[in-house]
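Q: below are the sequence and a predicted model for it; my questions follow.
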Amino acid sequence: MPRPDTLLAIREARRVQRYVSELVGDDPELLRHPDIPTASVTEDPEDRGLRERQRSGVTMQRIRGWKPYRDAFGRWRAIVQEMGILVLQKNMPWEDCRGFSLWETGTVPMIVVNSEDAFNGRIFTLFHEYAHLMLRQTGTCVAAVQNETPKGRIERWSDSFAAAFLVPADDLRRAIKGRFPNLASDSWTLWHIERLAAHFRVSPYVIARRLKEQGISDFYDKNYRELRQSDKRRERPPREQTGGIRAEILKLSEVGLGAASVVLEALRGQLIDGPEAADILGLRLDQLRAFEEQTEVQRSRSRI
C-alpha cells in the first residue's frame, strides 16, 4: 500500500494534469499535441530503444556537451516536454515509488519522477515511464515487480527500453574499446562502471545493466542491490536545504516548463486570471510575478 506522501503526490499531479488539460482543451495552441508512438511488449526493447533514440536526434556528441547530473537531467526533461508531455518532480518515499505516468483520454500525458532519486536515477525513471506511455499502460510504480504477471512483463520491458535508449549498444562498445579494450569480463569493478556512467551521463546501475544485456560482464547480477541503492539522492548538506531557495524556483523545478508555460500563456491570453493561475501552480498570488520571471530565465537557458 502506498504511503500517504505518495498518495498525496499522485493527487497533486492529477490535479495539475486536470487543470492543464482543461486549458489545452480550450486552446490547443498552448501545448504541442503529444508525439508518443505506440509500442508493445512483444517488440524487442533493444531495437525499440535504439529507434526512439535515433528519433530523438540526440547524439553522443551532444550529450558530451552537457554537464553531468542536474544539467543532463534538465536537458532530457526538456526534450521529453517538447514532445507534449508534462514532466513533474515530486518528493515521495524512495522505497515506495520511483516515478509514475498518467495518461487517459482527454488529458495531457504526464510523467512524474521522484526527487528523492539522484539526478542520473531520475533520467532512467523518466524513460522508464516514457516506455509506459508508449505501451499505453500508465500507472503508479509503487513496487518492483519481477514476476511473470502482465505487470511484471511491462516493468521489465520498460526497464530494458530505458537502458537501451540511454546507452545504445554500439556507443557502449565504442566507449569500452576506447577506455578498457583489454578488460576481462570478470575484471569489471565499480570504478570502471562509474567511468562509463560519467561518459553517458547515466547512473552506474544503467551501465552495469547494459554490460549484462550485451554479454560483457555479470557485475550487475552480483551487485544489484548496491547499484540500485546508489540511485538514491545523497543527504544534502545544510547549505543545500530547501529553506534558503525561493518558492518560485522550487515550484518551477517541481512543475516543469511544460506545465508552467501552459498556465502562464493561458494567463496572458486571459483564459484565466491571476488568482486562478496561482492556484493551479500552488503559489501565493504575490509569488506569481517572480515565478513568471524565473520561467523566462529557465526557458532561455533551455535554448542554449
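A: Now that the structure is in, tell me what you want to look at. Keep in mind it's a predicted model, so treat the numbers as computed, not measured. Residues are numbered from 1 along each chain as shown.

Q: which residues touch stretch 148-163?
A: Here stretch 148-163 makes contact (Cβ atoms under 8 Å, 6 or more residues apart in numbering) with 39, 41, 45-46, 48-49, 52, 124, 126-132, 134-135, 137, 141, 144-146, 206, 209-210, 213. Backbone N, C-alpha and C define where each C-beta goes, glycine included.

Q: dump that stretch to CSV, restricted to CA.
A: The C-alpha trace of stretch 148-163 is given here as CSV (Å, rounded to 0.1, in the frame of the first residue of the first chain):
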residue,chain,number,x,y,z
GLU,A,148,5.6,-13.3,-14.9
THR,A,149,2.4,-11.4,-14.5
PRO,A,150,1.4,-8.9,-17.2
LYS,A,151,2.5,-6.1,-14.9
GLY,A,152,5.9,-7.8,-14.4
ARG,A,153,6.5,-8.1,-18.1
ILE,A,154,5.6,-4.4,-18.6
GLU,A,155,8.0,-3.3,-15.9
ARG,A,156,10.9,-5.4,-17.3
TRP,A,157,10.2,-4.3,-20.9
SER,A,158,10.2,-0.6,-19.7
ASP,A,159,13.5,-1.1,-17.8
SER,A,160,15.1,-2.7,-20.9
PHE,A,161,13.8,0.0,-23.2
ALA,A,162,15.1,2.8,-21.0
ALA,A,163,18.5,1.3,-20.7
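
Q: and the protein, what are its domains?
A: Each domain of the chain is listed here as a residue range: 1-234, 245-302, per automatic domain parsing.

Q: and those as TSV, adding mean neighbour count?
A: Formatted as TSV, the domains of the chain follow (neighbours: other Cβ atoms under 10 Å):
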stretch	mean neighbour count
domain 1-234	18
domain 245-302	17
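
Q: make JSON lines from the ones you listed and add mean pLDDT to it.
A: Formatted as JSON lines, those follow (pLDDT from 0 to 100):
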{"stretch": "domain 1-234", "mean pLDDT": "93"}
{"stretch": "domain 245-302", "mean pLDDT": "93"}
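
Q: so residue 72 touches residue 199, yeah?
A: No - the pair residue 72 / residue 199 is not scored as a contact, 11.5 Å apart, by Cβ atoms under 8 Å.

Q: in helices, which of the contacts of stretch 148-163 appear?
A: Members of these lying in helices (criterion: DSSP state H): 45-46, 48-49, 52, 124, 126-132, 134-135, 206, 209-210, 213.

Q: so what touches stretch 219-236?
A: Applying Cβ under 8 Å, 6+ apart, the contact partners of stretch 219-236 are 94, 115-118, 120-121, 124, 188-190, 193, 203-205, 208-209, 211-212.

Q: and the helices in the stretch 1-150 of the chain?
A: 4-26, 45-56, 60-64, 70-81, 119-135, 150-166 (DSSP state H, counting those that start in this stretch).

Q: can you put these in a markdown table and add distance to residue 268?
A: Compiled in a markdown table, the helices of the stretch 1-150 of the chain are given as follows (distance: least, Cβ to Cβ, whole Å):
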| stretch | distance to residue 268 |
| --- | --- |
| helix 4-26 | 12 |
| helix 45-56 | 30 |
| helix 60-64 | 32 |
| helix 70-81 | 19 |
| helix 119-135 | 29 |
| helix 150-166 | 35 |
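
Q: of all these, which one is nearest residue 264?
A: Among the helices of the stretch 1-150 of the chain, the nearest to residue 264 by Cβ to Cβ is helix 4-26 (10.5 Å).

Q: surely residue 41 meets residue 135?
A: Yes - with contact defined as Cβ under 8 Å, residue 41 counts as touching residue 135 (6.7 Å).

Q: just the element for residue 297, please.
A: helix 288-302 (DSSP states H and E).

Q: counting by contacts, list what that helix packs against.
A: helix 247-268, helix 274-281 (3 or more Cβ pairs under 8 Å, 6 or more residues apart in numbering; DSSP states H and E).

Q: now what about stretch 204-218, what contacts it?
A: Residues outside stretch 204-218 that contact it (Cβ under 8 Å, 6+ apart): 46, 120-121, 124, 159-160, 162-164, 166-167, 169, 172-173, 176, 185-186, 188, 190, 193-194, 196-197, 200, 219-221, 223, 227-228, 230-231.
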